[in-house]
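A.B. asks: take this sequence and fold it.
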Amino acid sequence: MAASKARRTRANQDPLAHLKKDGPLPVYILHGEERLLVQEALQELKLAGLPPTAIDFNLDVFLAKDTNATKIADAARMLPAFAPRRMVIVKDADKLKADTLNDLQTYLDEPSPTTTLIFVGHKFDARTKFYKSIKKVGAAIKFDHPNLRQLPRLIQDRAKKMNIDLRDGAVHALVDSVGADLGGLVSALEKVALYVGPDSGKPVTANDVESVVSHVREESIFELTDAVGTKNLPVAFKLVHQIVNVSRNHPLALLGLVASHWRRLTVTRAMLDDRAPKGDIQAALSLPPFVVEKIMRQARNQTLPRLVLGLRAIAEADQALKGGGLPPIRVMESLVLRLC
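C.D. replies: Numbering: from 1, shown residues only. Down below sits the predicted model:
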């Protein structure tokens, strides 16, 4: 089988187009910032390389922290059962130790023709012998975030697959609301599809997007939680008013994002207190490395008891927004006061 070159792909390209013609290659690296595309590529390889009826006999999944080169190589050299191929997946493979990578070289020099071995991680060093060896016998595919120029075509392509008729104004509204976050865009498309009615044939307009998709960007949430974490009450108040009144987001949408972020901070703080390595924190959060860095930085400015109290305050704010007598903006102001 012809060796492939390393592939760097944006969200609107198909780095696995070879599957239909040639089938899976012996070895892959899947990595990059766009985690949704990494997971979709992994699923596509599973579908192409493993019959559903044979998965139980022909799929091995390892975590880097719990395995070694011998286990990986032995699993990859096993013959498939009741199927033409088997598959071995190593998750968090960018955390494999150097000696493990070196010990895998013997297998990479002569990979099994009946196994697809897949190393999944966030970031691999393309200069290593390990990476270069996989390029010779398989494919090293890096999934980058889409840039803003690519987003309109990407959104239209995704909408077409989901049987959603998007008007141009809706596309631009989605870009403005979500930004270059592919996972967020897919979630937003699912929301607008439910809003207009699945398979209704009704086109989605900019007004539909405005009605159901929050304009709260991830950057705004980090700014708000940074302000809260440093007890900068004036800035926190300003951001809450900007998000709710200026951007016209419903406070429940903002509260949901704050709650999600606060839970991540709590998990991270607990793991930091237990002296967990960064790789374990990243695996627990399942977020890109640059986002994990921000969360870890914010968590270090908090104590675990304070974060737990914050979760209680968020739960009480949720109840107040859904059935209390205070205006929503006052509920959010009260929450910010308690968090600060």
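A.B. asks: from G310, how far out is the closest residue in space to L252 that isn't next to it in sequence?
C.D. replies: Distances taken as Cβ to Cβ, 6 or more residues apart in numbering place L321 nearest to L252, at 5.6 Å, with adjacent residues excluded. (Each C-beta comes from the backbone N, C-alpha and C, glycine too.) According to Cβ to Cβ, to the nearest Å, L321 stands 16 Å off from G310.
A.B. asks: what about the stretch 151-300 of the chain, any weak spots by pLDDT?
C.D. replies: Low-confidence segments of the stretch 151-300 of the chain, defined by pLDDT under 70: 179-180, 214-219, 245-250, 253.
A.B. asks: mean confidence for the helix or strand hosting I134?
C.D. replies: Assigned by DSSP states H and E, I134 belongs to helix 129-137. Helix 129-137 shows a mean pLDDT of 95.
A.B. asks: from here on, call the first residue 16.
C.D. replies: Got it, first residue is 16 now, which makes that one helix 144-152.
A.B. asks: domain ranges for this structure?
C.D. replies: For the chain, automatic domain parsing gives the domain ranges 22-158, 166-227, 233-354.
A.B. asks: make CSV out of these and add mean neighbour count.
C.D. replies: What follows is the domains of the chain, written out as CSV (neighbours: other Cβ atoms under 10 Å):
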stretch, mean neighbour count
domain 22-158, 18
domain 166-227, 17
domain 233-354, 16
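A.B. asks: just to revisit the earlier point, ok, then the element right after the helix holding I149?
C.D. replies: Sequence order places strand 154-158 as the next helix or strand after helix 144-152, per DSSP H and E.
A.B. asks: and that next one with helix 144-152, angle?
C.D. replies: Orientation of strand 154-158 against helix 144-152 (axes from the mean of the first three to the mean of the last three Cα atoms, to 10 degrees) gives an angle of 110 degrees.
A.B. asks: gap between strand 154-158 and the chain center?
C.D. replies: 16 Å (Cα atoms, centre = their mean, to the nearest Å).
A.B. asks: quick one: contacts of the longest helix seen in the chain?
C.D. replies: Ranked by residue count, the top helix of the chain under DSSP state H comes out as helix 266-288. Here helix 266-288 makes contact (Cβ atoms under 8 Å, 6 or more residues apart in numbering) with 229, 231, 236-237, 239-240, 255, 258-259, 295-296, 299-300, 302, 310-311, 313-315, 317-319, 322-323, 325-326, 329, 332-333, 336-337, 343-344, 346-347, 350.
A.B. asks: how close does D29 sit to T143?
C.D. replies: For D29 relative to T143 (Cβ to Cβ), the value is 26 Å.
A.B. asks: ok, which stretches of the stretch 116-265 of the chain are strands?
C.D. replies: 130-135, 154-158 (DSSP state E, counting those that start in this stretch).
A.B. asks: can I get those strands in CSV with distance to K80?
C.D. replies: Below are those laid out as CSV (distance: least, Cβ to Cβ, whole Å):
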stretch, distance to K80
strand 130-135, 14
strand 154-158, 22
